[in-house]
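**Q** Turn this into a structure:
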Amino acid sequence: MARPKSNDKRTAILEAAVRVIDQEGLSAPTATIAREAGISNGSLFTYFETKTELFNQLYLELKTQMGTAAVEGFPAKAALRKQAHHVWWNWMHWAAAHPPKRRALAQLAVSEQITPETRAAVYKNIAGLIDVLERMRLRGSLQNGATNFASSMMTSLAETTMDYMINDPANADKHCTVGFETFWRATS
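**A** Sure, this is the predicted structure:
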């Protein structure tokens, strides 16, 4: 009879994967992730049948954390600008507070190992964030552009803002505000 899986062990593996991907990239062996988690390589495969499954679950987990943080305390009845600022502020501060997660997520986002099913699940899990971005796109200068184009522009500006917040923490809030104002003017 198979032993029940432990949520603590699963979480430890995912947290170890973040650290290892951050340091060694996606080509790091699962044995390194298992060692970092304090378990055997065989135990890792009890929780994730393949490295691809581990990466897909980690991508889903990190994107969901980011999306949940972005809409936490969301002002549903506020004007779109205030809603967009709220989402931007929370998103930037989540990323600045978790640099290894941000860097691991960036690598996973461009990995061919992330399946369309996982990307669809992420889209569903961060629907609140996507709704705000889509309403901004439809009312502003990007209304005739593709959704993915608008998303890529926002991501590029967000990545630059995050870099400055992390590298200059004394002025993190200032960088966050300037990043939002630039984004708002570009899209509204």
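**Q** from what I can see residue 84 touches residue 132, true?
**A** Yes. Using Cβ atoms under 8 Å, residue 84 is in contact with residue 132, at 5.7 Å. To be clear about C-beta, it is placed using only N, CA and C from the backbone, and glycine gets the same treatment.
**Q** who's more crowded, those two?
**A** A direct count of neighbours by other Cβ atoms under 10 Å for residue 84 and residue 132 places residue 84 higher, at 21 against 18.
**Q** Show the pLDDT at the more buried one.
**A** Confidence per residue is given as pLDDT, and for residue 84 that number is 91.
**Q** Next: residue 155.
**A** Per the predicted model, pLDDT is 85 at residue 155.
**Q** List the contacts of the helix or strand bottoming out on mean pLDDT in the chain.
**A** The weakest-scoring helix or strand in the chain, judged by mean pLDDT, DSSP states H and E, is helix 127-139 (a mean of 84). Contact with helix 127-139 is made by 67, 70-71, 74, 80, 83-84, 87, 91, 123, 142-143, 145, 147, 150-151, 154, 187-188, as judged by Cβ atoms under 8 Å, 6 or more residues apart in numbering.
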